[in-house]
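*Asks:* Fold the following for me, if possible:
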Amino acid sequence: MPPEPWLRGAIPDVNPLLAPIFYSFEQAREDLSKHTEGLSAAQIWAQPGGAGSVGFHLRHIAGSTDRLMTYLRGESLSPEQLAALETEHDPGAVREELLAQIERVFEASGKQVRAIDPATLAEPRSVGRERLPTTVIGLLTHIAEHTARHVGQAIAAARLARSLDES
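*Replies:* Model (predicted):
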């Protein structure tokens, strides 16, 4: 088994101060692919005990990353982003579609992060309708940790969904 992404060395053409978000994205890709493999559509959208479904967590990883990257650019959310937020719990998409959505968002986000000048990491940014204060590095850190949090929840939800089918 290879070491986790953050232990695989430097990422070519990425400043080490920006690398953690790339490590987080790669860890998410690998863990989600592994732990959701073979899940049926019913298992993807199961809510054992009222817990969030695997599908919700996958959709939320993509949506929240997209929204937070919008704030990173200093922009407000679009009506489409707000509408997508309202449908994150709605069942329907299959595993492959959800993972592809995450991949598209991670690819676009990676391009955006590669363009960041590390000298701007302390620049102020604001989040949400209340325009809560943060910084470029604060947003990048939150995107990485928020992604990791929901990956863990997706893994737990996948295990629960599988265990229900086995009992």
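*Asks:* Where does pLDDT dip in this protein?
*Replies:* In the prediction, the chain carries residues with pLDDT under 70 at positions 165-167.
*Asks:* ok, which stretches of it are helices?
*Replies:* Using DSSP state H, the helices assigned to the chain run over residues 19-36, 41-45, 54-72, 79-86, 95-114, 136-166.
*Asks:* just these: most buried one?
*Replies:* Using mean count of other CB atoms under 10 Å, the stretch among the helices of the chain with the largest mean neighbour count is helix 54-72, at a mean of 22. (Glycine included, C-beta is placed from N, CA and C.)
*Asks:* counting contacts, what elements does that helix pack onto?
*Replies:* In terms of contacts (3 or more CB pairs under 8 Å, 6 or more residues apart in numbering; DSSP states H and E), helix 54-72 is packed against helix 19-36, helix 41-45, helix 79-86, helix 95-114, strand 124-127, helix 136-166.
*Asks:* pull the CA atoms of the first one into CSV?
*Replies:* Which is helix 19-36. Output in CSV follows, covering the C-alpha atoms of helix 19-36 (Å, rounded to 0.1, in the frame of the first residue of the first chain):
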residue,chain,number,x,y,z
ALA,A,19,0.4,21.7,-1.5
PRO,A,20,-1.8,20.7,1.5
ILE,A,21,-5.0,21.3,-0.4
PHE,A,22,-3.8,19.1,-3.3
TYR,A,23,-2.9,16.4,-0.8
SER,A,24,-6.4,16.6,0.7
PHE,A,25,-8.0,16.3,-2.7
GLU,A,26,-5.9,13.3,-3.6
GLN,A,27,-6.6,11.6,-0.3
ALA,A,28,-10.3,12.2,-0.8
ARG,A,29,-10.2,10.8,-4.4
GLU,A,30,-8.5,7.6,-3.2
ASP,A,31,-10.5,7.1,-0.1
LEU,A,32,-13.9,7.7,-1.7
SER,A,33,-13.1,5.5,-4.7
LYS,A,34,-12.0,2.7,-2.4
HIS,A,35,-14.8,2.9,0.2
THR,A,36,-17.7,3.4,-2.2
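*Asks:* Mind giving me the packing neighbours of it?
*Replies:* Using 3+ CB pairs under 8 Å, 6+ apart as the contact test, the elements touching helix 19-36 are helix 54-72, helix 95-114, helix 136-166.
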